[in-house]
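Undergrad: All I have is the shape, not the residue letters:
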């Protein structure tokens, strides 16, 4: 950490800072410029982190040097990449993974038909929401446990591992029974209760970036999970909130290479929610793969016009195998391969 | 709702929309322009809301006419304003209320000293966090139940009602025992689990606007609480996330008059978290009061330099009664009075 | 346009609106809902546009139905796409074009060496700034006319058409002598003086999206140029301003397919300025091409470490032909071909 | 400036940086931490500014310590505040100034009636646009020189100094003849041509903050003017672009105290354009004054319903003297006085 003093700081202010730094077990290196003095604070993350200097007399700003996360950082693994393994499917490293399914589990028939389409096209995992976070209390909130049972049935029939969302810590056990990957939605990215509990389960977590979360904040949320001993975290870019009203969210694909530079964790992209329109899902999926994403999570539906939720952004089931084929080519551009299912 | 058809829509597309509207129990009024046909959908909120037309053939856009919330809307009370009463303190209407206290409950001594300062200066309620949402898992997470006990002690001594945050639904009973107003933090504004549970308690809720939430979304979150029968909701503007890096958040004071036009609920402002610096808290508090806020929630500390968290933004205890006096003048500008404590 | 009345609007308010609409030569279709009356205004763009109803008694909101631009809209050409031809190079349609060169023209040697690299790798056009918009008055502002002469020399030697920026209307003649495409920078996207003058020249214009401009605003700025009779406009996405501080700007690649749906004009992407870092330029270029962009504009430099400006984001000259080869593959994914130079 | 090296930086990388710093005439102070080395670069602004280290081998980030502006900084005047004097009216320091008038000059009658209202209510300056920046080429673009003549007439009759906007450098002489303060619009905040020319005139400039400009960028634009020898710059907050769609722009009132801490220049607020609605103008004006603004610039019109542009946000002429009286009270809260006109 660097402590930048104000131009008006006195010698006594500088000495007080040095004393505080040293009493915390760190050491201080002073650089006096013509106008401004800067004090480098040197020590390990814990000692440095415990020094409270913001707002101290004469202090202008504190400049962090070390990233605030440790377990999520690329340095931890010295360049090696985490590969999350889910029931034989490998996510990350040289692999490209497609997670597909309906936005919400709505009926047995739709769920099973979609699951078969997903399996037949060679996608890796099946998604579907039993618990749905909805802006309005008047919207359909998901089938709940009945939805979980339909997911189980789809898994039994197709062998596809299940990705589904957890919203309430009290549903954890029920979700754990069915889910192979637990999704944490964008609005829960800083739900520290859920983060900690998911860390304790050891189950892979798909962690969506919050609507206005920086990449550092996303990695800090991952750190909550990692800190509990769960190393299986998939980071997910799903669009951020900006001034643009032409689409629901602005998909931030630069996050893909940057997250991969900052962290060893796999990065997947959800192009469906940002686009909000079917026609945009294919180009943005190709772009995500070309940018180096480790996978995508997309919504498909056999008859999007009849979907209970988010139909307009769902790919049509009949187009899905063509979508997969083109995605494979884009992933190859970034040196990645769709994993053949054994 | 208005359904705007594409220029390329066929007559059959238009008829299909009309049929769908009518089969849902609503009625359709068609306006044919030179280029574009628009279909007005007329009926009550529930019937209109259940028609899924997004992405239907020939449909360009859907324009909602009614606001998506009902219980939170100003129309519900035909202009009358909700006044929330907390242990004899009235919040809203002609009253201006100050909620003050430390960011986090850190020790018995600091808590009691701050509580006395708050009471002596004539503020209405005492705030203090026992459970703290922190970006980093390595930061102090609050004293938890021990913190709640200190809040109870401060309440017993000073008679001040307590505002404190709930993060985990499993802590609800413990928090309910002490809190007079339960705070829902910005990062939990769309934690639908907590919103619903707080709706069921009937206890007043201070609902903070999310970092990138629109006012409509804030009101939809309030609707979750109101829908469970709890009418005691305080809306809180606390700064939104923008591109500006000169301060932590951008305090959106236009939200104050606009929320009061949209809703009957009281609106309070938290100037401390957006500013992140003590010197900005007074001018922004005065501005909030002048803009018509029903109150402010601020952080104070007897010795901010020693505070465990957010010291730089805490007002000094010794300056607090002067702060209150100036705030009273600003509230008077907007036709509001600080309520004398009986 | 739809005029949505307030719930509290009176019959007289509604009649006053109808009268105003009809007196402007348009016609009004009234839809009365249970709570709200909506008036559809039907007529051509000019008549409807001249009716000032915002803020009229009883009026809640005006909902535009037609896009505010006409010449830039996809409808104008009924799906056909504009191809801009620059000295034998075709931009748009089935073609993918690379524009490359140094950020700023800094010396004869660097300029000529870069131009040869660009030509040898098969890129289509040469970029280089003689006039540089700089945030700070203390930064290098470009070589001005001397820079233009170096661009002319590079063009004479390599045969590459030149893309260069105009900042001051008084430099128009000098720039017109050298430039084959005139660039209008993001900070000048709403400089209506320049837009109009460039419209009058008939020279192709590369129009960069403003830092916080919506796509509709970008197209309105294009409309300023088109309205003067100049149809040769290239739209350019170059990153927008968001809360994320991990990179300079957030590259909004969803703008690519959406602009192509809204408009017949070609869309190119500038990945260099948003990234601000060389390592991000390749993945974001591939992503842009995969998303369907008609081209990219990138910065390259023979020795980026010695560049006067923006060296860290410049591709190394030695890597450029490999970059071009991979970009070709990504463009092919979207059905586009790099145009062979005859 | 601090140079933060990467964890992977070699000793040779560090030495290369030191050599570069020293060869530029500055000196380097090295702090070696356990993981990271930081090099403090010490010297004057010009020497330090010319060292290009971004992207150099082993360099992670550069942290500027000094603000990039000098003439605009509060340090320049050691706490003294600039007071701009316009024809006997003082703006800044202990004074609070109101600038009022129609959005655009539309007719002789409206202009003169408005000018009398402004004068009678005791406002300080008269605003009115002869050249109007409009998003659409189809909108009214202002009366141009005819509008300037009407402003002159209003000035002759009322004695009020004139604030009017310059958009095109070729209109400078014509505008200079009439204007007492030249306004530079938000979309031209980084029009370096205009900034420099206005710096040369010596005439007071009202510089509006760009829609997505940081405060540092606003001050850098002021620096362009100051650098040419013109010290008479008024900074103007007018709302920034955010995700919120409930109003046109988000008025950032925290900018007021922060700009006054960073700079010696006066700060005025334009509440009309952000609000876009008359009812919001009064509360936001009071808030601006309470936050410590040196003045406001507002739109008024004798009959807003008939205004050619932006009628809904214009205060009614008949309400203006009441508005002025309440504004005076709010300014007093921040220790400021409306200046009596001699």
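TA: Yep, it's here. Not measured: the values here are computed from a predicted model. Numbers count the residues shown, from 1 in each chain, chains lettered A, B, ... in the order given.
Undergrad: could you say which helix or strand contains whatever residue of the stretch 101-250 of chain A ends up closest to chain B?
TA: Chain B sits closest to residue A:212 of the stretch 101-250 of chain A, with a gap of 3.4 Å, by C-beta to the nearest C-beta. In this view, the C-beta of every residue, glycine as well, is placed from N, C-alpha and C. Using DSSP states H and E, residue A:212 maps to neither a helix nor a strand.
Undergrad: Do stretch A:211-219 and chain C come into contact?
TA: Yes: using C-beta under 8 Å from any C-beta of the partner chain, stretch A:211-219 reaches chain C at A:212, A:214-216.
Undergrad: Contacts for that stretch next, please.
TA: For stretch A:211-219, the surrounding residues in contact (C-beta atoms under 8 Å, 6 or more residues apart in numbering or on different chains) are A:67-69, A:72-73, A:186-187, A:189-190, A:207, A:209-210, A:221, A:235, A:239-241, A:249, A:255, A:258-259, A:262-263, B:135, B:211-212, B:241, C:243-246, D:243.
Undergrad: List the buried residues for it?
TA: A:211-219 (16 or more other C-beta atoms under 10 Å in any protein chain shown).
Undergrad: Name the nearest of these relative to residue C:38.
TA: residue A:211 (31.1 Å; C-beta to C-beta).
Undergrad: helix or strand right after the helix or strand bottoming out on mean pLDDT in chain A?
TA: None of the helices or strands of chain A scores lower by mean pLDDT, DSSP states H and E than helix A:45-49, at a mean of 69. Using DSSP H and E, the next helix or strand after helix A:45-49 towards the C-terminus is strand A:59-63.
Undergrad: Would you mind listing what in the stretch 101-250 of chain A touches chain D?
TA: So far as C-beta under 8 Å from any C-beta goes, the stretch 101-250 of chain A lies against chain D at A:212, A:241-243, A:245.
Undergrad: ok, so of the residues you listed, who is nearest residue C:300?
TA: So of these, ranked by how close each gets to residue C:300 (C-beta to C-beta), first place is residue A:242, at 29.3 Å.
Undergrad: quick one: low-confidence ranges for chain A?
TA: Within chain A, the segments meeting pLDDT under 70 span A:45-46, A:49-50, A:340-342.
Undergrad: And the residue nearest to residue A:316 when sequence neighbours are not counted, its phi and psi?
TA: Spatial nearest neighbour of residue A:316, chain neighbours left out: residue A:304 (6.2 Å); criterion: C-beta to C-beta, 6 or more residues apart in numbering or on different chains. Per-residue torsions, residue A:304: phi -50, psi -30 (degrees, to the nearest 10).
Undergrad: Just the buried positions in the host helix or strand of residue A:112, please.
TA: Using DSSP H and E, residue A:112 falls within helix A:108-120. For helix A:108-120, the neighbour count (16+ other C-beta under 10 Å) marks A:110-119 as buried.
Undergrad: For chain D, what's its nearest residue on the stretch 51-200 of chain A.
TA: Residue nearest to chain D within the stretch 51-200 of chain A (C-beta to the nearest C-beta): residue A:63, separated by 5.0 Å.
Undergrad: Make sure that residue is actually in contact with residue A:39.
TA: No: using C-beta atoms under 8 Å, residue A:63 is not in contact with residue A:39; the gap is 10.6 Å.
Undergrad: Give the residues shared as contacts by these two.
TA: Common neighbours of residue A:63 and residue A:39 (C-beta under 8 Å, 6+ apart) are A:2-3.
Undergrad: Could you list the residues of the stretch 101-250 of chain A in contact with chain B?
TA: A:133-138, A:141, A:167-170, A:187-188, A:190-193, A:196, A:210-212, A:217, A:220, A:223-224, A:227, A:241.
Undergrad: Narrow those to those in helices?
TA: If you go by DSSP state H, those have A:192-193, A:196, A:217, A:220, A:223-224, A:227 in helices.
Undergrad: that older thread, in CSV, list the buried residues of helix A:108-120 along with distance to residue D:56.
TA: Converted to CSV, the buried residues of helix A:108-120 look like this (distance: C-beta to C-beta, whole Å):
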residue, distance to residue D:56
A:110, 57
A:111, 56
A:112, 58
A:113, 57
A:114, 52
A:115, 53
A:116, 55
A:117, 52
A:118, 48
A:119, 51
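Undergrad: so which of the residues you listed comes closest to residue C:81?
TA: Distances from residue C:81 to those, taken by C-beta to C-beta, are shortest for residue A:117, at 33.1 Å.
Undergrad: one step back: pull out the buried members of the residues of the stretch 101-250 of chain A next to chain B.
TA: Buried residues within these, counting neighbours by 16+ other C-beta under 10 Å: A:133-138, A:141, A:167-169, A:187-188, A:190-193, A:196, A:210-212, A:217, A:220, A:223-224, A:227, A:241.
Undergrad: Give me the number of neighbouring residues for the nearest residue to residue A:313 once chain neighbours are set aside.
TA: Distances taken as C-beta to C-beta, 6+ apart place residue A:272 nearest to residue A:313, at 4.6 Å, with adjacent residues excluded. Residues near residue A:272, counting by other C-beta atoms under 10 Å in any protein chain shown, number 28.
Undergrad: next one: the one 5 residues further on
TA: Under the neighbour criterion other C-beta under 10 Å, residue A:277 is assigned a count of 18.
Undergrad: now swap in residue A:179 and tell me
TA: 26.
Undergrad: Find the nearest non-adjacent residue to it, please.
TA: Per C-beta to C-beta, 6+ apart, closest to residue A:179 is residue A:164, 4.9 Å.
Undergrad: Parallel or antiparallel, which strands does whichever strand or helix holds the one you found pair with?
TA: Here residue A:164, judged by DSSP H and E, is contained in strand A:162-165. Applying DSSP bridges, strand A:162-165 is found paired with strand A:125-127 (parallel), strand A:181-184 (parallel).
Undergrad: Between these, which one is closest to residue A:159.
TA: strand A:125-127 (9.6 Å).
Undergrad: So which residues make contact with that closest one?
TA: Against strand A:125-127 from outside (C-beta under 8 Å, 6+ apart): A:86, A:89, A:97-102, A:114-115, A:118-119, A:151, A:154-155, A:158, A:160-164, A:180-181, A:183, A:297, A:299.
Undergrad: if I look at the residue in the stretch 1-150 of chain A that chain C sits nearest to, how far off is residue A:61?
TA: Here the residue of the stretch 1-150 of chain A nearest chain C is residue A:67; by C-beta to the nearest C-beta that distance is 11.2 Å. According to C-beta to C-beta, to the nearest Å, residue A:67 stands 18 Å off from residue A:61.
Undergrad: do residue A:249 as well
TA: 32 Å.
Undergrad: Those two: which has the busier surroundings?
TA: residue A:249 (20 against 14).
Undergrad: what's the burial count for the residue nearest to the more buried one when sequence neighbours are not counted?
TA: Nearest-residue entry for residue A:249: residue A:239, 2.8 Å, with adjacent residues in sequence omitted and distances by C-beta to C-beta, 6+ apart. Counted with other C-beta under 10 Å, the neighbours of residue A:239 add up to 25.
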